[in-house]
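K.L.:
Got a sequence here, can you build the structure:
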Amino acid sequence: RHDEADEFDLVGEKRLDPVERRSRTRADVEARTQIGQRRQRGPSIIEYNSFIAGVYPTCAGRTGDGSPPGPPVLGITAGDRLHTLRHDDTHADPAVVFDFDGVIADSESAHEAALLETVGRLGMSFTAEQYRTELIGFDDRDAFPAIAQLNGRSISDSDAAELAESKRLLFETMIGRGEIRPLPGSLDLVRGAANHGPIAICSGALGSEIRLILEAFGAADLFETIVAADDVARAKPDPAGYARAADLLGVPPGACAAIEDTPTGIAAAGPPGTGVAHSVELSQLGVADHTAPSTADVTVDDLLGRSG
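P.N.:
Numbering: from 1, shown residues only. You can find the predicted model right below:
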């Protein structure tokens, strides 16, 4: 569903169109890479906040006390709240926030097929390479305008909403046919993380889709909360979803670790984070604190930042 309120994010900023969002994501990833290269000497508050201020002006952290450089800090606004991220290894085990498609569920190919069939009815298409490089990580409300642009066309918000509804019905049919399976090792990792502390999902998929799949996996009761595309005004790479997940878990964002499968998701999550290469090349996940070829190669210690 899309209405005029959806044009603005949780702090009143105009939503970006898909091209602007993709451009901002790339700038985000490049900036995070630069910060990652400085981690051996430890990024300062000024360095990290300068990066955040350049990418998300409304999310710049503020110290205000003239304190010397310390752990990375990021202020994230969600509604009328200002959260502060501080990665401090002296804290207890963090809560873990999982992305869903491409981390828990082997569903990216089904999403791609459902999108392709939906837009094909209007004479539009995209290639597998375009999906991987231009579309993956978008929620449906941003994917359809982006696909239209790839085809030299434009669509209205109402048309995009109708397409999203058609795609939802098609995708839920795929779920009902049992076409979505858990990625190898994903449910063991979820259960292991749940034994250490609270866990949540932050995803660009619809909440109804996520819950249907989790029910089929027998994993619906493991998560304390789910933040889906229809729960926030702005999707990844905007960090609003992660800020909301932390809020619902009752912990500061700095007490959350994330696992994602795309640069878009990693940009939204911020540190500390793990990237798995189910959807993109491993080299594209270098901005994450820890990377692995697949979820099966990730341990709970990796998620919690305790691996050597």
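K.L.:
which residues does the residue lying closest to Glu224 once chain neighbours are set aside contact?
P.N.:
Of all residues not flanking Glu224 in the chain, Pro198 sits nearest, at 4.9 Å (CB to CB, 6 or more residues apart in numbering). C-beta here means a position set from N, CA and C on the backbone, and glycine is covered the same way. The neighbours of Pro198, taking CB atoms under 8 Å, 6 or more residues apart in numbering as the test, are 95-96, 224, 249-251.
K.L.:
if I look at Leu150, how far off is Glu129?
P.N.:
11 Å (CB to CB, to the nearest Å).
K.L.:
Name the residue in these two with the higher neighbour count.
P.N.:
Leu150 (18 against 8; other CB atoms under 10 Å).
K.L.:
what's the pLDDT at the nearest residue to that one once chain neighbours are set aside?
P.N.:
Leaving aside its sequence neighbours, Leu150 sits nearest to Phe126 (CB to CB, 6+ apart; 5.5 Å). The score at Phe126 is 96. That number is its pLDDT.
K.L.:
Show the contacting residues for Phe126.
P.N.:
Shown in contact with Phe126 (CB under 8 Å, 6+ apart): 115-116, 119, 134-135, 147, 150-151.
K.L.:
Narrow those residues to those that are buried.
P.N.:
115-116, 119, 134-135, 147, 150 (16 or more other CB atoms under 10 Å).
K.L.:
Which of these sits closest to Glu209?
P.N.:
Closest approach between these and Glu209, by CB to CB: Leu115, at 13.2 Å.
K.L.:
Which residues does the helix or strand that closest one falls within contact?
P.N.:
Leu115 belongs to helix 108-120 when assigned by DSSP states H and E. By CB under 8 Å, 6+ apart, the list of residues contacting helix 108-120 from outside reads 101-102, 125-126, 128, 131, 135-136, 140, 143-144, 147, 151, 163, 166-167, 170-171, 174, 179-180, 205, 278-279.
K.L.:
Mind checking which of those are in strands?
P.N.:
Residues of the contacts of helix 108-120 located in strands (DSSP state E): none.
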